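Peer 1: using only what follows, build the 3D model:
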Amino acid sequence: MKSCYNFALAFLFFLFSFHNSYSQNQNKIDSLIIALDSDIEDTIKVSILNSLFVHIKIADPEKALSYAQEMILLAESIKDQFGKASALNNLGLHHLNRSEYDQAAGFFNKSLEIRIEINDKEGIAESYNNIGSVYDNLGEFEKALDHQTKALQINIDLADERAIAITYAHIGITYDHQGKYELALKNYLKALSKLEELNYTAVLGGMYNNVGEVYRSTKKYDLALEYYSKSLQVKQWLGDKKGVAMTLNNKAIVYYYQGKIDKTLEMFYSSLEIREEIDDKKGMAQSYSNIGEVLTEKGEFKKAVVYLNKALQIHKLTGDRLTMVNTLSGLGNLHQVMGNKQAAIKYYQQSVELAKELGIKEELESIYLQLSLLYENAGQYSKAFEYHQLYVTIKDSIFNEASAKSMNEMQTKYESEKKEKEIDMLTKDNELQVLKTAQQEDQIRKQRLLIVGIIFILGLAISLIYVVYSQFKFKKQANYELEFKNDQLGMVNQDLDRKNRSIAESINYAQRIQETIMPTQTHLNEIFPESFIFYKAKDVVSGDFPWVWASLDGKGGVCVSAVDCTGHGVPGAMLSMIGYFLLNDIVASKKMHNPAIILEELHNGIKETLRQEENLESKDGMDIAFCTINKQNREVQYAGAHRSLLWLHNNEIEEIRGDRFPVGGLQYSSRGKKIKFKNHQLQLEEGDSIYFYSDGLIDQIGGPKSRRFQNSQVKEIIIENKDKPMGEMKNVFDERFLKWMGNEKQLDDVIMIGIKV
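Peer 2: Residues are numbered from 1 along each chain as shown. I've put the predicted structure just below:
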């Protein structure tokens, strides 16, 4: 999923010197064109050409280029070195905007030479910043920071607060590109402080967006949304529709990470509407692709196909091959989920060819693995082996590159820290200069007020003697009252401590009750020696639980279930107890052993227990995977509510999908949908194994890119460890889950059951 950065090139900051709306800006352009055609001096014409470049450089870059070229010819003809340097700088900005970095650097350096020659301090600082932007885009971050630091020193010497703020912004951008978010944020906030003080609105929208991106990258989503909202407000005021669409897109991605899928789609659609209105092709492709990925995850495959194909058509039209790799991969994933293996392979292979041309190894690693699994499922084992080998090779390559990069980062860390210290020293020097000036002014003011102050102090001293004596008596009384209130507060705190301890003891007692009645690993191993229960509660008590029942005569087989109740903690645990005893009654007392019928009975039992017919807003219920296993003939019957079963046989994994509605709640029946579960019958062979689990496992956010654990990783772990005992496989899941979660918080309870027959 793709976000938008406002990592502006140099001109985004230096050339936004107006706060106009679009119509006002057009009026300005019209006036300048009229003035250009009038009979005026050539030096004034040079200035007008410069202003025209500034005003149209984004809306019409080719016309802006013609103004810059005309400007340099006119400046040379009248020997205007200042104008020539500005024209060369404008040409550099044009090429920088087109990502033509060699040409941009050439023009910027020529402009710098002239500015040094004529001692144009402001221009020199601007050139250093622009050259720094070139190095930043080329990934030569130390050189970028070196030039930006020089610009900062000059701007501090000139006491140009606006230019100082803009240079801090450039430094922040360079650190942001390096992934040094703490240093990036530090410089962004320095820039924001000055820009807000100067009310420099035209730049604030972009800066707010950049700060939001830093907070999103560091997973501080509430702060990211706060700054995106500030950016949105400024861009709407400026009439910057492209910027508004970009910020809406970024807010959508934060909502996605927060699990708010409906809100995510709402924002993506709003962003797309604006991009279609202004015919922003690249932005439209991004929106189509993002919407397609979310719709795929929601299971709305027909809509997802339409949006992803729209994105692909625009990529082909604009030649944007980098983002085309992601869209092709997204189409491959969509067709893979839909079960269209040939179509999935076609799109994955197209993505592979393009990724190889562009050298995007991380994308190749993911696609090679998916192709290996697809060919294996299709029975094309030689192809599967070929792509698995490619997956292993590129995975090792990425690891080796990461190791080399780590060593290089250690080498440059000292230089980065030294550069940041230089920037801090410059900041302190600036603050010291301001402080010295303030001290001199303050000294003069004190001398003028000294005589008046002495007279005032004498009068005040007499008054204070009386006031102090009067307050002494009031203070004594107030101390008595304060002591009394402190005693009361202490009693309240003690009462709160007692209540907190009581609540904690109650929850711990509830945990002991839950652990006592629920089946354990030992219980399941007595029935199936090769089995495991992987269980992790988010809080002390859990809404996920295993359920096991075995008939005494063996005729009813063995019933095994993984249950995921609405919510977690105490509410989830209360619902789990209801589910546990209802299942006992349905299976043990009523002697029902057909999984589909059992889920229907459980659905009705929850509705009756929670009186959901009387409360139409109630959506409490559970997702469940339920199996009845005949140990003698290895026959398995399965039914699921929002949960799938994975069946490993012949070294392949087959996913048996459950029904797409929950047990309990009225959200489906109130829409006229009949709750009727489907029964699946499987004939297992010796050595086959089955697995089922709650969504707390696959929805956990983590990994290097803060993504969901996903079904694909579960399948990958099973395939890689299929020959290990089930107890060891459980340990692998435990280790991989904890490693994936890292410093992230556990989002939900987790339950997984694996059984080998």
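Peer 1: now do the strands in the chain.
Peer 2: According to DSSP state E, the chain carries its strands in the segments 531-536, 544-550, 558-565, 622-630, 635-641, 645-649, 652-656, 680-683, 689-693, 701-702, 707-708, 750-756.
Peer 1: now the ones you listed in JSON lines, with distance to Thr609, mean neighbour count and mean pLDDT?
Peer 2: For the C-beta atoms, the positions are set from N, CA and C on the backbone; glycine is no exception. Output for the strands of the chain, formatted as JSON lines (distance: least, CB to CB, whole Å; neighbours: other CB atoms under 10 Å; pLDDT from 0 to 100):
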{"stretch": "strand 531-536", "distance to Thr609": "25", "mean neighbour count": "22", "mean pLDDT": "95"}
{"stretch": "strand 544-550", "distance to Thr609": "16", "mean neighbour count": "22", "mean pLDDT": "93"}
{"stretch": "strand 558-565", "distance to Thr609": "13", "mean neighbour count": "26", "mean pLDDT": "95"}
{"stretch": "strand 622-630", "distance to Thr609": "12", "mean neighbour count": "25", "mean pLDDT": "95"}
{"stretch": "strand 635-641", "distance to Thr609": "17", "mean neighbour count": "23", "mean pLDDT": "96"}
{"stretch": "strand 645-649", "distance to Thr609": "27", "mean neighbour count": "19", "mean pLDDT": "96"}
{"stretch": "strand 652-656", "distance to Thr609": "29", "mean neighbour count": "16", "mean pLDDT": "95"}
{"stretch": "strand 680-683", "distance to Thr609": "27", "mean neighbour count": "14", "mean pLDDT": "96"}
{"stretch": "strand 689-693", "distance to Thr609": "24", "mean neighbour count": "24", "mean pLDDT": "97"}
{"stretch": "strand 701-702", "distance to Thr609": "33", "mean neighbour count": "20", "mean pLDDT": "91"}
{"stretch": "strand 707-708", "distance to Thr609": "32", "mean neighbour count": "17", "mean pLDDT": "90"}
{"stretch": "strand 750-756", "distance to Thr609": "22", "mean neighbour count": "24", "mean pLDDT": "96"}
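Peer 1: closest to Thr43 out of the ones you listed?
Peer 2: Evaluated with CB to CB, the strands of the chain place strand 707-708 nearest to Thr43, the distance being 58.1 Å.
Peer 1: dump the strands of the chain into CSV; add distance to Glu357 as well.
Peer 2: What follows is the strands of the chain, written out as CSV (distance: least, CB to CB, whole Å):
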stretch, distance to Glu357
strand 531-536, 42
strand 544-550, 46
strand 558-565, 44
strand 622-630, 43
strand 635-641, 43
strand 645-649, 36
strand 652-656, 32
strand 680-683, 44
strand 689-693, 39
strand 701-702, 31
strand 707-708, 25
strand 750-756, 40
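Peer 1: so which of the ones you listed is nearest Gly665?
Peer 2: Comparison of those against Gly665 by CB to CB identifies strand 622-630 as nearest, at 9.2 Å.
Peer 1: which strands and helices sit next to that closest one?
Peer 2: Strand 622-630 makes packing contacts with strand 558-565, helix 569-583, helix 595-609, strand 635-641, strand 689-693 when contacts are defined by 3 or more CB pairs under 8 Å, 6 or more residues apart in numbering; DSSP states H and E.
Peer 1: who does the first one pair up with?
Peer 2: Going back to what we said before, that points to strand 558-565. As defined by DSSP bridges, the strand partners of strand 558-565 come to strand 544-550 (antiparallel), strand 622-630 (antiparallel).
Peer 1: export these to CSV and tack on distance to Cys559?
Peer 2: Shown next, in CSV, are the strands paired with strand 558-565 (distance: least, CB to CB, whole Å):
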stretch, distance to Cys559
strand 544-550, 5
strand 622-630, 5
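Peer 1: closest to Asp42 out of those?
Peer 2: When the strands paired with strand 558-565 are ranked by distance to Asp42, counting by CB to CB, first place goes to strand 622-630 at 77.0 Å.
Peer 1: for that closest one, C-alpha coordinates in CSV please.
Peer 2: C-alpha atoms of strand 622-630 as CSV (Å, rounded to 0.1, in the frame of the first residue of the first chain):
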residue,chain,number,x,y,z
MET,A,622,-18.0,-16.0,18.0
ASP,A,623,-15.9,-17.2,15.1
ILE,A,624,-15.3,-21.0,15.3
ALA,A,625,-13.6,-23.9,13.5
PHE,A,626,-15.3,-27.2,14.5
CYS,A,627,-14.1,-30.8,13.5
THR,A,628,-15.5,-34.2,14.2
ILE,A,629,-12.8,-36.8,13.7
ASN,A,630,-13.3,-40.6,13.4
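Peer 1: what angle do it and strand 645-649 make?
Peer 2: 40 degrees (axes from the mean of the first three to the mean of the last three CA atoms, to 10 degrees).
Peer 1: run the angle between strand 622-630 and strand 652-656 for me.
Peer 2: For strand 622-630 against strand 652-656, the angle by the same axes, to 10 degrees is 120 degrees.
Peer 1: how distant is strand 622-630 from the center of its chain?
Peer 2: Distance of strand 622-630 from the chain centroid (CA atoms, centre = their mean, to the nearest Å) equals 35 Å.
Peer 1: and what of stretch 519-537?
Peer 2: Here stretch 519-537 shows a centroid-to-chain-centroid distance of 37 Å under the convention CA atoms, centre = their mean.
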